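Participant: pasting a predicted model and its sequence here:
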Amino acid sequence: MTTGEYTPLLRDGSNRTTTQHHLAISAHYYDITDIESWPIAGLLVMLDGQGQPVRAELHLYDDLEPQVQEAAIRQARVVLQDSYLGGQPVPVRILETLQVREEMLVRLPPVGTRPSGTPLLNWKWRPYGMIGAAILVLVSLIWVISALIGAGRGRGESATATSTPVSVSQTSEQQAATATPSGADGDTNASDAATTAPVNPLDLPASRNARGDLGIGVKVKVVPGLRIALRSEPGADRGIVVGELTDNDVATIVGGPEYSAGDSDTIVWWFVTLSNTTQAWAAANTSTQTLLMPAQ
C-alpha cells in the first residue's frame, strides 16, 4: 500500500483501494446556547458552490430536558430562516450527540512542512481548507464544553433553562390577547405589578403593563377574573388558538420572552406548559392591563 492509500472493508465483506477517501465542503456552524450561555446544541449547515444551504444537521447534546431540546429546535429553525434565502425547504437532521470513546490526539506536521504524498492546495482552494480547519476546531471545542457541562452537573450546577429567539411582530396593532371577565368586574389593574417588563433588544419600548418578575421556571396564573387565549405562535395575529388559561389554572414558563407591538404598549409573550402538558404562547399583558402574575 502506497502512502496516502488505504483499503476499506465494505459492508458486503469486499474491499477496495482508493486515494480519494475524504472531501472538503463549505459549511457554517452555529453554537446554540441557553439563557445562561451554556451550549445546548450545534447547528451545522452544508453549502453548495454558490453558498446556498443544501442540508443541515442539528446536534443536540445528551441529557437535555425535553423543553430545552424543543427550544434548541425552534432556535435552529429561526437561524436558517434569518440567515439564508432560496425559497426551497432545507432538510435538517436532528441528532443527539453521544461520546462513544475517549478523545484522540492527532499530532500534526511541524509548521512549514506538509504530509508526505499530500499536494499543496492551489490558492483558490485554500479558503476551503481554512473552513475545514475551523470546523475541526469548533468540533473539538464542543467536546471540551460538553465535558465541562457534565462536570458542572455533577456538582449540582446544571443549567436547564433556555431562551427562545426574540422576534417582533409589527404587522398588527390589535390587542395582544383577548381578556374577558369570568367572575369579577374584569377591571383589575394589578397595581402591585412591576412597571418594567424585560427590555427587548429591538426598538419597542419596555412594557408598562407586563410584570417584570416573570421568567423561565416561574409558575404563573391569570389575574383573577380574567381568562386569556393561548396561541401556537407569539402574536395576536400569528398561529392559531390552541386553548385558554383561566384564573383556576397554573402554568410554568419554559421559554421566551418574545415581543409584539400593541395599540399603546409593548406586548410580552411567554411560552408556558400547563398541568395537562399543553404548551403554547401566552400574553403577559395587553395595552391597558396586566394578564399574567406569579402563582403564590
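Facilitator: That came through, no problem.
Participant: make it CA atoms for all contacts and neighbour counts henceforth
Facilitator: Noted.
Participant: pairing partners for the longest strand seen in the chain, with directions?
Facilitator: Ranked by number of residues, the top strand in the chain under DSSP state E is strand 251-261. Using DSSP bridges, strand 251-261 pairs in its sheet with strand 168-169 (parallel), strand 219-222 (antiparallel), strand 266-274 (antiparallel).
Participant: hey, least reliable of those by pLDDT?
Facilitator: Per-stretch mean pLDDT for the strands paired with strand 251-261 is lowest at strand 168-169 (a mean of 34).
Participant: buried residues, stretch 30-41. List them.
Facilitator: 31, 32, 33, 34, 38, 39, 40, 41 (16 or more other Cα atoms under 10 Å).
Participant: repeat for stretch 68-83
Facilitator: Buried, per 16+ other Cα under 10 Å, within stretch 68-83: 68, 69, 71, 72, 73, 75, 76, 80.
Participant: will you turn these into a markdown table that also has secondary structure and distance to residue 246?
Facilitator: Listed next are the buried residues of stretch 68-83 as a markdown table, based on DSSP: H, G, I helix; E, B strand; the rest coil; distance: Cα to Cα, whole Å:
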| residue | secondary structure | distance to residue 246 |
| --- | --- | --- |
| 68 | helix | 26 |
| 69 | helix | 28 |
| 71 | helix | 25 |
| 72 | helix | 29 |
| 73 | helix | 29 |
| 75 | helix | 29 |
| 76 | helix | 32 |
| 80 | helix | 36 |
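Participant: those residues into JSON lines, with extra columns for distance to residue 111?
Facilitator: Formatted as JSON lines, those follow (distance: Cα to Cα, whole Å):
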{"residue": "68", "distance to residue 111": "42"}
{"residue": "69", "distance to residue 111": "41"}
{"residue": "71", "distance to residue 111": "42"}
{"residue": "72", "distance to residue 111": "39"}
{"residue": "73", "distance to residue 111": "40"}
{"residue": "75", "distance to residue 111": "39"}
{"residue": "76", "distance to residue 111": "37"}
{"residue": "80", "distance to residue 111": "37"}
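Participant: that older thread, so for the longest strand of the chain, mean pLDDT?
Facilitator: Rounded mean pLDDT across strand 251-261 is 94.
Participant: on that earlier part again, tell me which of the strands paired with strand 251-261 sits most buried.
Facilitator: For the strands paired with strand 251-261, the largest average neighbour count (mean count of other Cα atoms under 10 Å) is found in strand 266-274, namely a mean of 25.
Participant: contacts for it, please.
Facilitator: With Cα atoms under 8 Å, 6 or more residues apart in numbering as the test, strand 266-274 has contacts from 176, 197, 204-208, 210, 234-235, 249-261, 279-287.
Participant: how does it look with 7 Å?
Facilitator: 176, 204-207, 210, 234, 250-261, 279-286 (Cα atoms under 7 Å, 6 or more residues apart in numbering).
Participant: so what's the residue count around residue 143?
Facilitator: 15 (other Cα atoms under 10 Å).
Participant: quick check: which element contains it?
Facilitator: Per DSSP states H and E, residue 143 falls inside helix 126-154.
Participant: I'd like to know which of the strands paired with strand 251-261 is closest to residue 49.
Facilitator: Among the strands paired with strand 251-261, the nearest to residue 49 by Cα to Cα is strand 168-169 (33.3 Å).
Participant: one step back: and which of the buried residues of stretch 68-83 is nearest to residue 98?
Facilitator: Nearest member of the buried residues of stretch 68-83 to residue 98, counting by Cα to Cα, is residue 69, at 14.8 Å.
Participant: no further queries at this time; thank you.
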